[in-house]
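*Asks:* Here is my input, please return the structure:
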Amino acid sequence: MSDPAQYFDIRSAFWRQAFDQATDYDTYLAQSPAAKADRWRAQLNALPELTADERARLTGHDVRLNVLLVSGVWCGDCVRQGPMLHQLASAAGAGVQLRVIDRDADPAVRDEVRLLGAMRVPVAVFLTEQFFEVGRFGDRMLSTYRRKAVTEVGAACALPNASTPAAELAAERGEWLDIVERMLLMVRLSPITREHLTFASGA
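*Replies:* Next comes the predicted model:
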């Protein structure tokens, strides 16, 4: 059996506090300006249903994964990616808990997730049941950066009402699916999680 003292995260209390002050997805939108929140709802409705194979990649892991999304309801990248992450977390079942916090709600959280020194959003932080960080990912997806590398147009943050090609949306969601599945597998296959599940099953 592994030594529990080998498994710790010096920032687990920080992440627990951040997660506690965040809200669930629907509450985040309910507390946001209606016109901006409606863009998120429209984007979610525009997403295609997940296939059976995609759902299978997200289910059956029997672990708890807390997902903290640092967001700006006004941000076009968040308008696209927030609903995608919500769709994936919902499909994964009760074990995956998604909460959203506004970028400017807590300066410490905002500064913790800076990218390239900037206050970029969205950023998703993936945490275990004990609030150990599994990983984080944010800003634009690779498919978007590939397009921008060719076109070199657009603002620093995509406009909320800017249209996105369907193929790019599909690629973005596919990238997020890979990320969420990876985080689930990392938690499921970690020694401390495997020992807990073995003990719980009586094996």
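
*Asks:* For the longest helix anywhere in the chain, name the packing helices and strands.
*Replies:* Ranked by residue count and defined by DSSP state H, the top helix of the chain is helix 166-189. For helix 166-189, the elements it packs on are helix 52-58, strand 65-71, helix 76-92, strand 133-138, helix 142-151, judged by 3 or more C-beta pairs under 8 Å, 6 or more residues apart in numbering; DSSP states H and E. Placement of C-beta: from N, CA and C, glycine included.

*Asks:* Enumerate the positions of it that are buried.
*Replies:* 169, 171-173, 175-177, 179-181, 183-184, 186-187 (16 or more other C-beta atoms under 10 Å).

*Asks:* which non-adjacent residue is nearest the residue positioned nearest the centre of the chain?
*Replies:* Closest residue to the average C-alpha location of the chain: A124 at 3.9 Å, with C-alpha atoms, centre = their mean. Distances taken as C-beta to C-beta, 6 or more residues apart in numbering put L69 closest to A124, at 5.1 Å, once the chain neighbours are dropped.

*Asks:* can you count the residues close to the closest residue to Y7 other than its chain neighbours?
*Replies:* Closest residue to Y7 apart from its sequence neighbours, by C-beta to C-beta, 6+ apart: I192 at 5.0 Å. Neighbourhood size, I192 [other C-beta atoms under 10 Å]: 17.

*Asks:* And what about the residue nearest to the centre of the chain, helix, strand or coil?
*Replies:* strand (DSSP: H, G, I helix; E, B strand; the rest coil).

*Asks:* Now name the helix or strand holding Q97.
*Replies:* strand 96-102 (DSSP states H and E).

*Asks:* same question for that strand, mean pLDDT?
*Replies:* For strand 96-102, the mean per-residue pLDDT is 98.

*Asks:* go on, stretch 77-84?
*Replies:* 97.

*Asks:* Stretch 50-57 now?
*Replies:* pLDDT averaged over stretch 50-57 gives 98.
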